[in-house]
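Visitor: this one's sequence-less:
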C-alpha cells in the first residue's frame, strides 16, 4: 500500500470519529455553553462599566472633599497666624504693664521713704566716697571735706537721733585734721619740670676749659722769623687744651648711650611721680636716689643748669610723700548700725 492511500484512510477515520462525537445532543450542549459564556462576558462588562462610573463618582466626590479640606486648612492656618499675632501683642502689652507696675512700685517705695532714711542714705554714700578717697588716692583733704559735708547735712536735719552719728563723724574729722598735709600736686609739678630739663643738661665729658685758662705767652722779641715762629707755636697751643678732671670716674658715653641715659633718667623721674601718686614712699626715695647718683656721675656739676637740677632733686628727695592715714570706719559703722536699728522693727 502506498503512502497516499494510508493518508486517505487516516483522514477518513478522523472524519468518522468527529461525526460520531458531534451528534445533535452534543451540538445543543455546545451551543448552550457558548450562550452562557457570551452572557457572562456581557454581564461582566456591564458590571465593570458600573464599577467605573461608581469609581469616577467617588473620585469626583473625593476631589471635591479634598479641595474643601485644603480650603478649610488654609483658613484655619490663617486664623492661627492671626491668633499668634494677637497673642504676641497681648504678651507685649502684658510685659509693658508689668514693667510699668515695677516702675510704679519702685517709685512708691522711694517716695515712701521717710526723711530720716534719705538723710542716712545720703550720709552713708558720702562716707563711702570719703573712704574710697583715703584708700585709693590717699586724698586727705577730699575725705575731710566729705566728712564735714555729711556732718553739715545731719546738722540741718536737727534730729536728736542723729547725735551718735555726729559724734562719730566729729572724731574722724579731728583725726583727719591731724594728718600732715602733703602737697602732692606741687611735688608732681616740680618732677615734671625736672623731666623737661633733662635734655638740656651738659654731660661731664663734654665740658670745655675756659679760654682764659691757658697762659698767654709774652710778646716775642727778635726778628721777623722769630716772631712768626712764636705766633705759630701759640696758635698750635690753642688747638689742643689739656684739662685736669676732678672726678676720676667721669664716664665717656657714645652718642647712642647719651640718648638712652637721658631717657632712663626721665623714666626714673616718672617712676618717682607714680610712686608719689600711689603714696609709695620706699619706691619714691629709691628712684630719687638713683636719679641723683646718675646726675652726679654723668653730668657736668660745674654747669649752672646741672647745679639747679641737682638741688631740685635733693629737695624732692627730702619731701615726705606718704604718712599713716586714718580711716572713717567708725563713722561708717555708726551709720550702718543706725540703719539696721531702724529696719529691725519693720521686719
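Guide: In hand now; what should we look at? Since this is a predicted model, take the numbers as computed values, not measurements.
Visitor: return the backbone torsion pair for residue 203.
Guide: Reported as degrees, to the nearest 10, the phi and psi values for residue 203 are phi -80, psi 160.
Visitor: separation between it and residue 263?
Guide: Distance, residue 203 to residue 263, by Cβ to Cβ, to the nearest Å: 14 Å. No exception for glycine: its C-beta is placed from N, CA and C like everyone else's.
Visitor: which of those two has more neighbours?
Guide: Taking neighbours as other Cβ atoms under 10 Å, residue 203 and residue 263 compare with residue 203 leading, 18 against 12.
Visitor: what residue is smack in the middle of this structure?
Guide: For the chain, the residue nearest the mean C-alpha position is residue 136 (22.1 Å; Cα atoms, centre = their mean).
Visitor: can you tell me the SS state at it?
Guide: Put simply, residue 136 is helix when judged by DSSP: H, G, I helix; E, B strand; the rest coil.
Visitor: and residue 264, by the same measure?
Guide: helix.
Visitor: setting aside sequence neighbours, what's the nearest residue to it?
Guide: Spatial nearest neighbour of residue 264, chain neighbours left out: residue 294 (7.7 Å); criterion: Cβ to Cβ, 6 or more residues apart in numbering.
Visitor: show me the contacts for that neighbour.
Guide: By Cβ atoms under 8 Å, 6 or more residues apart in numbering, the contact list for residue 294 reads 261, 264-265, 268.
Visitor: what average pLDDT does the helix or strand that contains it get?
Guide: Element membership for residue 294, per DSSP states H and E: helix 281-298. Average pLDDT, helix 281-298: 89.
Visitor: how far off centre is the helix or strand just after it?
Guide: Following helix 281-298 in sequence order, the next helix or strand is helix 304-317 (DSSP H and E). Computed by Cα atoms, centre = their mean, to the nearest Å, the chain-centroid distance of helix 304-317 equals 43 Å.
Visitor: counting by contacts, list what helix 304-317 packs against.
Guide: Under the contact criterion of 3 or more Cβ pairs under 8 Å, 6 or more residues apart in numbering; DSSP states H and E, helix 304-317 touches helix 184-197, helix 281-298.
Visitor: can you list the domains in this structure?
Guide: Domain assignment of the chain by automatic domain parsing yields the ranges 12-50, 75-112, 114-180+327-343, 182-207+247-322, 208-242.
Visitor: wait, which of those domains is closest to residue 65?
Guide: The closest of those to residue 65 is domain 75-112. By Cβ to Cβ, the value is 15.4 Å.
Visitor: rounded mean pLDDT for that closest one, please.
Guide: Averaging pLDDT along domain 75-112 gives 80.
Visitor: try stretch 333-343
Guide: On average, stretch 333-343 scores 80.
Visitor: would you mind listing the buried residues in it?
Guide: Buried residues in stretch 333-343, counted by 16 or more other Cβ atoms under 10 Å: 334-335, 338.
Visitor: outside of that stretch, which residues touch it?
Guide: By Cβ under 8 Å, 6+ apart, the list of residues contacting stretch 333-343 from outside reads 116-117, 120, 123-124, 127, 161, 164-165, 168-169.
Visitor: so where is the chain shaky, pLDDT-wise?
Guide: Applying pLDDT under 70 to the chain flags residues 1-28, 108-114, 137, 205-222, 237-256, 322-324, 343-347.
Visitor: how far off centre is the helix ranked longest in it?
Guide: Taking DSSP state H as the criterion, the chain has its longest helix at helix 24-112. Distance of helix 24-112 from its chain centroid, counting by Cα atoms, centre = their mean, is 58 Å.
Visitor: and after it, which helix or strand comes next?
Guide: helix 115-132.
Visitor: what comes up buried for that following helix?
Guide: Neighbour-count burial for helix 115-132, with 16+ other Cβ under 10 Å as criterion, is recorded at 119-120, 123-124, 126-127, 129-131.
Visitor: of those, closest to residue 43?
Guide: Distance to residue 43 across the buried residues of helix 115-132 (Cβ to Cβ) is lowest for residue 124, with 108.3 Å.
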